[in-house]
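A.B. asks: Structure here, sequence nowhere to be found:
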């Protein structure tokens with residue numbers, strides 16, 4: 001009987017602790033989310049390995065998906081993934097269709113007017129060419145005067161134009177001709193077709209493309225225009241921002257973040273601490 005009572009007491013204590021933990025997490029969330037236990041997440045699922053559709057199962061997978069699910073577990077909520085065109089991601093926050101964006105979005109100053117960014121990964125624009133062609137391109141300066149393609153919906157076209165102004169025009173060389181494409185996959189296709197000499201995409205995604213197509217692409221130079229990638233949350237929702245920031249810090253402390261980074265081969269892009277809008281995170 002005493003053993004039974006002890007077990008029963010321990011069970012009740014664990015249940016109380018669990019209830020307290022759930023309550024504590026709920027208290028950190030905005031009222032609407034604490035009530036529904038759902039966070040609506042906007043995502044553009046065409047950016048492997050960050051987020052993409054598995055060709056076999058059709059399921060949404062990737063680094064951001066795993067990270068989002070881990071954050072949801074800490075916060076005690078479920079995620080409702082909402083797929084969207086990249087250019088509609090930030091507007092979805094303004095209209096309330098989404099609570100946050102977790103989609104490999106670069107944290108650049110021009111976007112901070114609309115949202116706060118919890119920075120969780122490092123990225124940088126990266127030139128690349130076909131491994132079997134463009135033998136005259138050995139360094140980025142060799143691209144001056146040539147056509148370079150990149151996704152028009154990202155910050156990369158502006159990054160390339162700025163790089164060209166500083167490294168081509170300033171040296172008396174012709175500027176790079178920036179060719180906007182539908183997405184990074186389209187840029188790689190145009191490269192294979194010979195319509196452009198080089199492409200540009202995120203330094204965290206190029207290794208994945210090279211793994212999928214061995215001996216096809218060759219990076220040129222080091223990444224440039226480095227910027228962090230961030231989880232975007234509307235400035236009008238600081239309570240959710242702080243809750244997600246705290247959950248991410250917990251994942252970094254308990255090793256979950258490192259495990260997800262290793263799963264997707266993104267060790268070179270991992271951050272050592274959480275930052276907010278490009279600076280130190282403050283609570």
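C.D. replies: On my side now, so go ahead. What you see is a predicted model; the values in this text were computed from it and never measured. Numbers count the residues shown, from 1 in each chain.

A.B. asks: mind listing what residue 165 touches?
C.D. replies: Residues counted as contacts of residue 165 (C-beta atoms under 8 Å, 6 or more residues apart in numbering) are residue 175. C-beta coordinates here come from the backbone N, C-alpha and C atoms, glycine included.

A.B. asks: Distance check, it against residue 173.
C.D. replies: 11 Å (C-beta to C-beta, to the nearest Å).

A.B. asks: shaky segments in the protein?
C.D. replies: Scanning the chain for pLDDT under 70 picks out 1-27, 134, 280-283.

A.B. asks: For it, which strand extends over the most residues?
C.D. replies: Assignment by DSSP state E gives strand 217-234 as the longest strand of the chain.

A.B. asks: so how far is that strand from its chain's centroid?
C.D. replies: Relative to its parent chain, strand 217-234 has a centroid offset of 9 Å by C-alpha atoms, centre = their mean, to the nearest Å.

A.B. asks: Just list what it packs against, helices and strands only.
C.D. replies: Identification of packing neighbours for strand 217-234 by 3 or more C-beta pairs under 8 Å, 6 or more residues apart in numbering; DSSP states H and E yields helix 89-95, strand 100-101, strand 115-130, helix 156-167, helix 206-212, helix 238-253.

A.B. asks: Give me the sheet partners of the second one and which way each runs.
C.D. replies: Just to be clear, that refers to strand 100-101. Here strand 100-101 has these sheet partners by DSSP bridges: strand 38-43 (parallel), strand 217-234 (antiparallel).

A.B. asks: just the third one next, same as before
C.D. replies: Looking at strand 115-130 with DSSP bridges, its paired strands and their directions are strand 198-202 (antiparallel), strand 217-234 (antiparallel), strand 270-276 (antiparallel).

A.B. asks: follow-up on the earlier one: and the angle for the longest strand of the chain with helix 156-167?
C.D. replies: Calculated by axes from the mean of the first three to the mean of the last three C-alpha atoms, to 10 degrees, strand 217-234 forms an angle of 120 degrees with helix 156-167.

A.B. asks: Tell me which residues of strand 217-234 come out buried.
C.D. replies: Neighbour counts over strand 217-234 (16 or more other C-beta atoms under 10 Å) mark 217-218, 220-221, 223-225, 227-234 as buried.
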